[in-house]
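> Using only what follows, build the 3D model:
(chains A and B)
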Amino acid sequence: MRLLKLTLFNLNIILAGIFIVFQILDIYNPTMNFIGNDISIYLMFAFCVISIINAIILIKNSSKRP
Amino acid sequence: MQIKNSFPVWRYYVIDLLFVAIFCTSFYFLYYKLPRDLVSENIVIINPEEQSENSESVDSDCNTDGDSDLTDWQIKFKDKFSDKIISTKNTYKSPNISIRLSKQTKGSGKSLITYYLGDIYISKIECFATGLARDKYGVGYSENLLDMDKRLNARIAINGDYYGIGNRGVCIRNGVAYRTKADTADICVLYYDGTMKTYTAGKFDFEEAVDNGAYQAWNFGPALLDKNGKNIDEFPSSRVTPKNPRTAIGYFEPGHYCFVLVDGRSPGYSTGMTMPELSSLMRELGCNAAYNLDGGQSSTLTFNDRVINQPYNGGRPCSDCIIIKEADGD
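Alright, predicted model coming up:
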């Protein structure tokens, strides 16, 4: 379980990093459409799902604390 | 959450950053550079005039008028064409094409701007053609403009809209619609009747364009002149709006067009143009419609089988080109 959580947290950072890079590239050259292409849309979906899972884990953990 | 681990936390961040870098680099090469075919919608757009002529000419007698073989544009621009092919360093004349190439400058010193103007008259729309790199429709296919120029027997050629950077945006080439849906970029349409119009993405209607006989359509932009042919002072902010090498196409009237190639990123020779400067230039030239194409390192112009301008860093292979050539069968 710990490994799964660790993987999810790191995936979240990786996906966030990817979208920051894509955003910067799109500002420089909007025609490339890094954020709007077919694959990025699936990545964005994965990013959202992982973010929600991580948020739930964090809320759950913080509510356990005294 | 605290994770007790002998592995230092900062190393996770470094590994994450490495993953980001590896993914982004691989994604760029696999998605944008690796050649792959795209599925074309493959809609053949027929010239509405030919369609109506075919249905009307079944029982018509032969016209023996002396000008019967001449097109409207051949008559209108009679003084521009010649009976024989005459080719010089800066001009090309034939019964169907007239091209006058000139080198112009603006400003001086370090802010000098050098651009090339190809003033073009054609007798029939088929002389205005486009070509795809390696003759394939897809992403990642690219070819040097000079190679495409020679392969397609072009008299003059410029780089196109780099349609092959992705799979979105309208793409109509030589009367075949490969893609029909607009994305967010302005669209330029050349119709079979020789008119050229620019549209914002929201105002482009593919069905209407087909009904009006769309022959070519590019998806890059922005449009450089407004509906009334006036120059535009403000463009949406983007990193590509500063001074850069530029490629643009201009429309005066059916059968009369211009190619404009602005060199850039070479202070002392040419700094390039901002989008408002390019818009102002197209207005000065007297264009009624004008459209910006792929620029930067792509900006290349060839004439009589040689590269005319000084492309930045030697230029780069492009996915498509716009050419003027003798119509097939001439």
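> got a list of what B:Gly272 touches?
B:Ile113, B:Lys243, B:Asn244, B:Pro245, B:Arg246, B:Val262, B:Asp263, B:Gly264, B:Arg265 (C-beta atoms under 8 Å, 6 or more residues apart in numbering or on different chains). For the C-beta atoms, the positions are set from N, CA and C on the backbone; glycine is no exception.
> Checking B:Asn292 next. Helix, strand or coil?
Secondary structure, DSSP: H, G, I helix; E, B strand; the rest coil: B:Asn292 is strand.
> swap in B:Ile15?
Three-state assignment for B:Ile15 (three-state DSSP): helix.
> any idea how far A:Lys5 is from it?
16 Å (C-beta to C-beta, to the nearest Å).
> Pick out the residue in chain A sitting closest to chain B.
A:Gly17 (3.6 Å; C-beta to the nearest C-beta).
> Give me the three-state assignment for that residue.
Applying three-state DSSP: A:Gly17 is helix.
> How many neighbouring residues does it have?
Close neighbours of A:Gly17, defined as other C-beta atoms under 10 Å in any protein chain shown, add up to 18.
> same check, this time on A:Asn61
Neighbours of A:Asn61 under the rule other C-beta under 10 Å: 12.
> mind listing what's buried in the helix or strand in which it is found?
Using DSSP states H and E, A:Asn61 sits in helix A:38-64. The neighbour-count check on helix A:38-64 (16 or more other C-beta atoms under 10 Å in any protein chain shown) flags A:Ser40, A:Leu43, A:Met44, A:Phe47, A:Ile50, A:Ile53, A:Asn54, A:Ile57 as buried.
> can you check stretch B:281-288 too?
B:Leu281, B:Met282, B:Arg283, B:Leu285, B:Cys287, B:Asn288.
> B:Asp294: which of the residues you listed is nearest?
Set against B:Asp294, the nearest of the buried residues of stretch B:281-288 by C-beta to C-beta is B:Met282 (16.5 Å).
> Now for the nearest residue to the closest one once chain neighbours are set aside: which residues touch it?
Closest residue in space to B:Met282, ignoring its immediate chain neighbours: B:Ala290 at 3.6 Å, by C-beta to C-beta, 6 or more residues apart in numbering or on different chains. By C-beta under 8 Å, 6+ apart, the contact list for B:Ala290 reads B:Thr198, B:Ala223, B:Leu224, B:Leu225, B:Ala248, B:Ile249, B:Gly250, B:Tyr251, B:Ser279, B:Met282, B:Arg283.
> Turn these into TSV, columns for pLDDT and secondary structure.
Below are the contacts of B:Ala290 laid out as TSV (pLDDT from 0 to 100; DSSP: H, G, I helix; E, B strand; the rest coil):
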residue	pLDDT	secondary structure
B:Thr198	96	strand
B:Ala223	95	strand
B:Leu224	96	coil
B:Leu225	96	strand
B:Ala248	97	strand
B:Ile249	98	strand
B:Gly250	97	strand
B:Tyr251	97	strand
B:Ser279	96	helix
B:Met282	97	helix
B:Arg283	97	helix
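> so where's chain A shaky on pLDDT?
Applying pLDDT under 70 to chain A flags the ranges A:65-66.
> what does it put close to chain B?
A:2, A:5-6, A:10, A:13-14, A:17-18, A:21-22, A:27-33, A:36-39, A:57-58, A:61 (C-beta under 8 Å from any C-beta of the partner chain).
> Name the nearest residue to the residue positioned nearest the centre of chain A, ignoring sequence neighbours.
Closest residue to the average C-alpha location of chain A: A:Phe47 at 3.4 Å, with C-alpha atoms, centre = their mean. The shortest distance from A:Phe47 to any non-neighbouring residue, by C-beta to C-beta, 6+ apart, is to A:Leu15 (4.1 Å).
> And residue 12, which helix or strand is it part of?
Looking at chain A here, since you left the chain open. Using DSSP H and E, A:Asn12 maps to helix A:2-28.
> I was after chain B.
If you go by DSSP H and E, B:Tyr12 is part of helix B:9-27.
> so what does that helix touch, helix or strand wise?
When contacts are defined as 3 or more C-beta pairs under 8 Å, 6 or more residues apart in numbering or on different chains; DSSP states H and E, helix B:9-27 packs onto helix A:2-28.
> Does B:Val307 touch B:Thr300 like I think?
Yes. The pair B:Val307 / B:Thr300 is scored as a contact, 6.2 Å apart, by C-beta atoms under 8 Å.
> quick one: common contacting residues for the two?
In contact with both B:Val307 and B:Thr300: B:Leu145, B:Leu146, B:Gly315, using C-beta under 8 Å, 6+ apart.
> burial measure for B:Leu132, as a count.
By other C-beta under 10 Å, the residues close to B:Leu132 number 23.
> Just give the nearest non-adjacent residue to it, would you?
B:Asp320 (5.3 Å).
> With B:Gly194 instead?
Nearest residue to B:Gly194, sequence neighbours excluded (C-beta to C-beta, 6+ apart): B:Pro254, at 2.8 Å.
> Compute the distance between the one you found and B:Asp205, please.
Applying C-beta to C-beta to B:Pro254 and B:Asp205 gives a distance of 21 Å.
> Between the two, point out the one with more neighbours.
B:Pro254 (18 against 12).
> pLDDT wise, what is the more buried one at?
pLDDT for B:Pro254: 96.
> Ok, B:Asp330 next?
We have a pLDDT of 62 for B:Asp330.
> Now do the same contact list for the residue nearest to the centre of chain A.
By C-beta under 8 Å, 6+ apart, the contact list for A:Phe47 reads A:Asn12, A:Leu15, A:Ala16, A:Phe19.
> Can I get the residues you listed in TSV including neighbour count?
Formatted as TSV, the contacts of A:Phe47 follow (neighbours: other C-beta atoms under 10 Å in any protein chain shown):
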residue	neighbour count
A:Asn12	18
A:Leu15	21
A:Ala16	15
A:Phe19	17
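> Appreciated, that's everything.
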